[in-house]
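Colleague: Test case, fold it:
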Amino acid sequence: MSLRVWDERVLPRLTDRSLRGPELDELRRAVCAGLTGRVLEIGFGSGLNVPWYPGGVTSVAAIEPSDLAWELSQRRRSASDVTVVRAGLDGQRLDLPDDSHDSALVTFSLCTVADPLLALREARRVVRDGGRLHALEHGVAPEESVRRWQRRMEPVQRTVFAGCHLTRDVPDLLTSAGWRVEDREQDYLPGPALARPWTYVYRLVAG
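Modeller: This is a model prediction of the structure:
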């Protein structure tokens, strides 16, 4: 199987199955709480956040590079009262006006964006003053013993999972892109210690 076939035909399905479940659903519900108005969602994927959009959301501009992931999201989009429009393929270059959205959402996507700072700065440009960015991401762990394994595994992770990084410092990325973190929770997902290089998760709200 070629790497292109893996990335385009297999990985979107694997991601759809692996990034849902009771614990992750609860985190998605929590990170979506407080979203309002016109929402920019970077890394829309297969629409796993759609069931958790709160009542204040009026529309979603979905940024998603994978055609298959967009197809997989059809059932979730059809079941929602929120209008979701595919508004671009690349979060680093948004064809959207300045100050045109009220909120932004990004979940388990900053790990794979080639330049996450650029994507976060684009979100800062598109979200109006006073708007909020809600983020749910995995990233660098606090313990050096876990970080050591993250650094060792990252080259394999990036090859197999479309550029996914294990060592990105998500709060620092937001701050560097001009966001101010207002609410922050971080911890390991439940599971064995061997999984810790992959399961340190940040939930953040920034303005």
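
Colleague: Only C-alpha atoms from now on, for both contacts and neighbour counts.
Modeller: Fine.

Colleague: Now do the buried residues in the lengthiest strand in the chain.
Modeller: Among the elements of type strand in the chain, defined by DSSP state E, the one spanning the most residues is strand 127-138. Taking 16 or more other CA atoms under 10 Å as the neighbour-count basis, strand 127-138 is seen to contain the buried residues 127, 128, 131, 132, 133, 134, 135, 136, 137, 138.

Colleague: Identify all contacting residues around stretch 147-160.
Modeller: The list of residues contacting stretch 147-160 from outside it, by CA atoms under 8 Å, 6 or more residues apart in numbering, reads 140, 141, 163, 164, 165, 166, 167, 197, 198.

Colleague: how many neighbours does the last one have?
Modeller: Translated: residue 198. Neighbourhood size, residue 198 [other CA atoms under 10 Å]: 22.

Colleague: returning to that earlier point: hey, C-alpha coordinates of the longest strand of the chain in CSV?
Modeller: These are the backbone C-alpha positions of strand 127-138, laid out as CSV (Å, rounded to 0.1, in the frame of the first residue of the first chain):
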residue,chain,number,x,y,z
VAL,A,127,-12.3,35.7,14.7
ARG,A,128,-13.7,39.1,15.8
ASP,A,129,-12.4,41.0,18.8
GLY,A,130,-13.9,39.5,21.9
GLY,A,131,-14.3,36.1,20.2
ARG,A,132,-12.9,32.9,21.6
LEU,A,133,-10.8,30.0,20.4
HIS,A,134,-11.7,26.6,21.9
ALA,A,135,-9.0,23.9,21.6
LEU,A,136,-8.7,20.2,22.5
GLU,A,137,-5.3,18.8,21.5
HIS,A,138,-2.8,16.2,22.5
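
Colleague: Sweet, I'm off.
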